Each structure stands twice: as C-alpha cells, then as structure tokens.
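Asks: Show me how the following folds:
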Amino acid sequence: MRIVQLLPSLDIGGMERLAVDLACRQRCDGHQPAIFCTSHAGQLAPEAEEAGVPVREFGKRPGLSLGLIVDLAKALREQRADVVHAHNALVLHYGVAAARLAGVPVVVNTRHGGNMNWDPHCERIWRRAVPWANAVVFISEGVREYYVVKDKLSSRNIRVIYNGIDLDKFAARPRSASDLPFRFGAVGRLVPAKDHVTLVKAFALAAAQLPKAELHLLGEGPCRTVIAETAAALGVQDRVVLHGASRDVAGFLSTLDLFVLSSIDEGLPISLMEALAAGLPVVSTLLPGLRELAPENVVAGYCYPGQPDSLADLMLRAARRPDLAALGEAARHWARRFGINETWHEYRSLFQEALQRKDSGSWRRPKKSDMSVGGQEPA
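Replies: Residues are numbered from 1 along each chain as shown. Predicted structure coming up:
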C-alpha cells in the first residue's frame with residue numbers, strides 16, 4: 001500500500017511521534033509511506049527522512065485554504081496514494097477533499113483525544129467531514145465514548161486502536177545508584193493541558209520532606225515562563241530543571257526514578273507508555289482512558305487532577321516505597337502490549353478492509369441523515 005499520513009506538522013508531540021513510528025513500521029513491512037505536513041515539517045521530520053520516509057510541507061497559514069486542497073490533491077496523485085490517514089480534526093476536511101480530487105480510495109481519521117479547548121468551528125467542520133471518511137479511529141475506549149456521546153456519531157465506521165511505541169528504544173535503564181538525588185520527572189509539551197504548574201506545586205510540598213529530590217521536565221511550550229515563575233515563588237527553582245525539547249526521550253527517562261503525569265486532559269499519552277516501557281514507576285492524575293493504559297496494580301497511584309496536595313502525597317509515598325524497583329519492572333512488562341508493531345498491524349487490517357470494501361463497491365456515499373449531529377444539521 002501507498003500510505004500518506006496527514007497532520008499539521010512533525011513538531012515534537014505524542015501524535016507526531018506515533019506518525020513517524022507508524023511510517024517506519026510501514027516501510028519495514030514493504031509498504032510505501034509518506035508524511036504530508038499542512039503547515040511545516042517540524043523537529044521530527046529529519047528522523048522520518050533518515051528512515052527513508054519522505055516528508056512534504058505545504059506552508060499553510062491560519063484560516064481556510066482552498067489552495068491547500070489543490071496542492072494536496074496534486075501531491076497525492078504524484079504519490080499514487082491508496083490511503084490517506086489524517087490525524088485529529090484540523091486536517092480531515094482537507095484530506096477528504098484532496099483525496100476525492102486525486103481519486104484516493106480510502107481516507108481514515110484518527111482522533112487522539114484530549115478534549116480541552118477545541119475550537120467549536122473546527123469541531124463543526126470535523127463532524128461534517130466524518131461521514132466522508134471510510135473509518136474513524138479513536139485511541140481509547142474513553143476517547144471513543146466521549147465523541148460518540150457528545151456528537152452522537154454512528155458506530156458504523158468506528159474503531160478503537162491503541163497508540164503504540166518502539167519498545168526497543170526504552171529497554172535499557174542504567175540509573176540505580178542509591179546515593180544520587182531522587183529524580184521525579186515528566187515528558188510533555190509545556191501547555192495548560194499538562195498542568196505542570198500543579199506538578200511544581202506538588203513537588204515543592206514533597207521536596208520539603210525530600211531535601212535531595214529534584215524535578216526534571218522535558219518539553220517546550222508557552223507555559224515555560226509561568227512554570228519557572230511558580231518554582232521561583234515556591235523556593236524550589238534550583239531543584240526544578242527545565243530541559244527544553246529533545247528527541248532523546250529514552251535517554252531522559254533513564255535518568256529518572258519516578259515518572260509523574262499531572263495532566264488535566266489526555267487521550268492515551270505516548271509519554272506514559274514510554275515511561276512504563278522504560279521500567280519507571282508512575283504516579284498520575286486519573287483521567288478517562290488512563291486506566292486502560294495503566295491499571296492501578298501497575299502504577300504507584302492515581303489522584304484527581306488539579307490537586308497538588310494529593311499529588312504530593314502520592315509522590316512522597318512512591319519515593320519511599322521499598323518495592324519501587326519491582327513496580328517499575330511490572331510497568332515494563334505491562335507496556336509490552338503497546339508495541340508499535342501491534343498498533344501498525346491493526347491499522348494495516350483496517351486499511352486493507354477499507355480498500356476491499358471500496359473494490360467491492362460496498363462503501364456507500366453518505367446520506368444527508370448521516371451528516372447530521374443529534375438529529376440536526378451543525379450550525
């Protein structure tokens with residue numbers, strides 16, 4: 001198959017990481033993948049290209065772009081694509097329109113979840129585009145349920161496929177010296193949904209009882225300044241390290257003792273999968289879908305979002321557990337079910353089924369009733 005993944009960019013993030021890993025698996029499996037970025041290529045593009053996966057950027061600016069549809073259609077014809085795999089809501093309508101112009105038989109959309117601050121206008125456009133996709137994939141049952149209930153989507157073309165990671169990258173974890181400072185850490189973009197401010201507040205509470213502890217954050221984003229200011233205001237600025245963005249997530253995780261997820265909104269976070277695969281014990285906020293990824297018997301504890309006192313208590317109790325290393329090994333064992341090979345095999349089956357339905361003529365053009373939401377046309 002010739003498979004084109006479509007997304008805004010390959011900036012560092014979980015969705016983008018999945019796209020690159022999927023493309024690499026597709027190429028190893030004998031298929032012809034490509035990645036089209038509607039805006040710009042991003043930091044992960046060199047990794048994809050080094051693996052033999054072509055990346056094209058289209059320079060889209062904010063706002064509707066009819067020219068992008070024409071440019072994408074031309075590129076899809078050149079690629080002779082069989083499948084367009086569009087990620088999230090921002091690009092589906094462009095993928096559907098360009099695929100029809102280019103004669104691409106199959107369009108699949110993946111919604112990666114995280115439900116905060118979606119643009120209502122973008123969501124309306126997405127709902128109108130959904131019936132023209134051959135299938136919609138949600139990355140967890142929790143994310144699927146959210147959209148099916150909220151948007152009253154038909155279950156006819158819906159599938160749940162969990163994200164996956166390259167497990168081999170996270171196999172080695174050298175940190176073991178007991179005389180080193182205890183290192184808490186997190187990986188993720190510095191954005192409101194990740195709620196690093198609450199994490200810093202929780203760390204400050206825990207640090208009062210763990211005088212050698214440190215907090216390390218890997219990621220970049222618009223909240224960097226407020227995170228640094230919060231650490232300074234709480235007197236822990238010398239013990240909170242902001243590392244910025246990096247492609248070497250495995251190397252960073254190997255320096256930690258405990259992974260902390262403080263998010264108030266998530267789908268199925270790649271960063272948590274990577275931490276488990278690295279053999280790290282985890283404490284996390286409790287969000288829909290996360291128990292699917294990490295049940296309570298393989299994490300050091302869950303608490304509700306936005307509660308620094310509760311998160312600090314979990315961090316302290318985890319840091320003092322005598323069986324912390326054993327819990328990390330249990331996490332590593334559990335993470336094996338989230339390998340990128342399994343994720344790709346499920347997508348491959350979905351693509352092949354959709355192509356077969358197209359060949360047999362069983363996929364029908366959407367009726368007007370399919371394009372309504374809750375019995376009414378979107379505003």
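
Asks: OK, contacts around R25?
Replies: Residues near R25 by Cβ atoms under 8 Å, 6 or more residues apart in numbering: I340, N341, W344. (Glycine included, C-beta is placed from N, CA and C.)

Asks: correct me, but the first one touches I161?
Replies: When you say that, I think you mean I340. No - contact between I340 and I161 fails when scored by Cβ atoms under 8 Å: they sit 11.6 Å apart.

Asks: burial measure for E329, as a count.
Replies: 13 (other Cβ atoms under 10 Å).

Asks: Which strands or helices does the longest helix along the chain pack on?
Replies: Secondary structure of the chain per DSSP state H: the longest helix is helix 340-360. Contact partners of helix 340-360 among helices and strands, from 3 or more Cβ pairs under 8 Å, 6 or more residues apart in numbering; DSSP states H and E: helix 14-28, strand 83-87, strand 106-111, strand 135-138.

Asks: angle of that helix against helix 14-28?
Replies: Helix 340-360 and helix 14-28 are oriented at 70 degrees to each other (axes from the mean of the first three to the mean of the last three Cα atoms, to 10 degrees).

Asks: roughly how far out does helix 340-360 sit from the chain middle?
Replies: Centre-to-centre, helix 340-360 and its host chain are 21 Å apart (Cα atoms, centre = their mean, to the nearest Å).

Asks: Repeat that for stretch 321-336.
Replies: For stretch 321-336, the distance to the chain centre is 23 Å (Cα atoms, centre = their mean).

Asks: Let me see the domain layout of the chain.
Replies: Here the domain parsing of the chain from automatic domain parsing is 2-164+340-367, 168-337.

Asks: Surely P105 and Q352 touch.
Replies: No - with contact defined as Cβ under 8 Å, P105 does not count as touching Q352 (11.7 Å).

Asks: so what pLDDT did L153 get?
Replies: Reading off the confidence values, L153 has pLDDT 76.

Asks: H112: what's it in contact with?
Replies: G14, M15, L18, H87, N88, I139, V143, N163, G267, L268.

Asks: Least confident of those?
Replies: Least confident of these in the model: G267, at 79.

Asks: Ignoring the adjacent residues along the chain, who's closest to that residue?
Replies: G113 (2.2 Å; Cβ to Cβ, 6 or more residues apart in numbering).

Asks: Now do the one you found against D309, distance only.
Replies: From G113 across to D309, the span is 27 Å (Cβ to Cβ, to the nearest Å).

Asks: between those two, who's got more neighbours?
Replies: Applying other Cβ under 10 Å to G113 and D309 shows that G113 carries more neighbours, namely 25 against 11.

Asks: Per-residue pLDDT of that one, please?
Replies: pLDDT recorded at G113 is 73.

Asks: Could you check how far it is from A135?
Replies: 17 Å.

Asks: can you list the weak-confidence ranges in the stretch 1-150 of the chain?
Replies: The stretch 1-150 of the chain contains residues with pLDDT under 70 at 114-118.

Asks: Thank you kindly, that will do.
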